[in-house]
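Enquirer: the sequence and its predicted three-dimensional model are supplied below.
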Amino acid sequence: MENIETLCVHPLKEKKKDKGAVTSAIYPAVAYDYLDEKTLQYPGFYSTYNQESLGQIICNLEQGQWGMIFSSGMAAISNAILSFVKHGEHIVFSKDLYGGTLKFAKEELPKRGIECSFADNNAAGFEALIKNNTKLIYIETPSNPLLNIVSMSDVATIAKAHDIITV
């Protein structure tokens, strides 16, 4: 494992440094030659050097396996939800949500045939709303703006027992 004190200074163990640089490069703007490449490097595909590098740096800091970055919290939230849930499935949300998340759940997900329920911030509240088609449990803890706490371990235990994904 990397040394946490220097992980942000030397975040990636790259074999090729840019012109002898001792730290990882950041490219503020660049066009990529894609004609002879296996994958298209394009910001909208999250496949540019900066995006992949920052995702890996955050992953290393959090001791994860892989990471991905987004331009906003709502972009990350909607991507995560829509990656796991499809038409005809159900999500249990914690009742205390950031306004953008709440609007997404109440206005956008129903347009896609995704049903949503909103649980009290305790294990019993989540357990009571699980249905046969529940695919995901989504929590924000501490909640924004009320700072209410949902026990992640309690929710994870319930989700695992029902083979449900947690976000």
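Expert: Noted; the coordinates are in hand.

Enquirer: can you give the domain ranges for the chain?
Expert: Split into domains by automatic domain parsing, the chain comes to 1-69, 73-166.

Enquirer: Ser117 should be in a strand, yeah?
Expert: Yes. Counting by DSSP: H, G, I helix; E, B strand; the rest coil, Ser117 is part of a strand.

Enquirer: going forward can the numbers begin at 4, since that is how I track them
Expert: Will do, 4 is the new start, and the previous item becomes Ser120.

Enquirer: okay, now it: neighbour count?
Expert: Ser120 has 18 neighbours, counted by other Cβ atoms under 10 Å. Heads up, the C-betas are built off the backbone N, CA and C, glycines and all.

Enquirer: quick check: closest non-adjacent residue to it.
Expert: Leaving aside its chain neighbours, Ser120 sits nearest to Leu132 (4.3 Å; criterion: Cβ to Cβ, 6 or more residues apart in numbering).

Enquirer: if we can go back for a sec, which of the domains of the chain sits most buried?
Expert: domain 76-169 (a mean of 16; mean count of other Cβ atoms under 10 Å).

Enquirer: which stretches of the chain form strands?
Expert: Secondary structure of the chain, counting by DSSP state E: strands at 93-97, 118-122, 137-141, 168-169.

Enquirer: quick one on the thing from earlier: can you redo the domains of the chain as JSON lines with mean pLDDT?
Expert: What follows is the domains of the chain, written out as JSON lines (pLDDT from 0 to 100):
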{"stretch": "domain 4-72", "mean pLDDT": "70"}
{"stretch": "domain 76-169", "mean pLDDT": "96"}
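
Enquirer: span of stretch 61-74 from start to end?
Expert: Taking Cα to Cα, to the nearest Å, stretch 61-74 runs 15 Å from one end to the other.

Enquirer: so where do the helices sit in the protein?
Expert: Per DSSP state H, the chain carries helices over the ranges 52-65, 76-87, 102-106, 126-132, 155-164.

Enquirer: out of these, nearest to Pro145?
Expert: Comparing those against Pro145 with Cβ to Cβ, the closest turns out to be helix 155-164 (11.0 Å).

Enquirer: export only the CA atoms of the closest one, formatted as PDB.
Expert: C-alpha atoms of helix 155-164 as PDB (Å, rounded to 0.1, in the frame of the first residue of the first chain):
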ATOM      1  CA  MET A 155     -24.900   2.600   6.800                       C
ATOM      2  CA  SER A 156     -24.200  -0.700   8.500                       C
ATOM      3  CA  ASP A 157     -27.900  -1.300   9.300                       C
ATOM      4  CA  VAL A 158     -28.900  -0.400   5.800                       C
ATOM      5  CA  ALA A 159     -26.200  -2.600   4.300                       C
ATOM      6  CA  THR A 160     -27.200  -5.600   6.500                       C
ATOM      7  CA  ILE A 161     -30.800  -5.200   5.300                       C
ATOM      8  CA  ALA A 162     -29.800  -4.800   1.700                       C
ATOM      9  CA  LYS A 163     -27.500  -7.900   1.800                       C
ATOM     10  CA  ALA A 164     -30.200 -10.000   3.300                       C
END
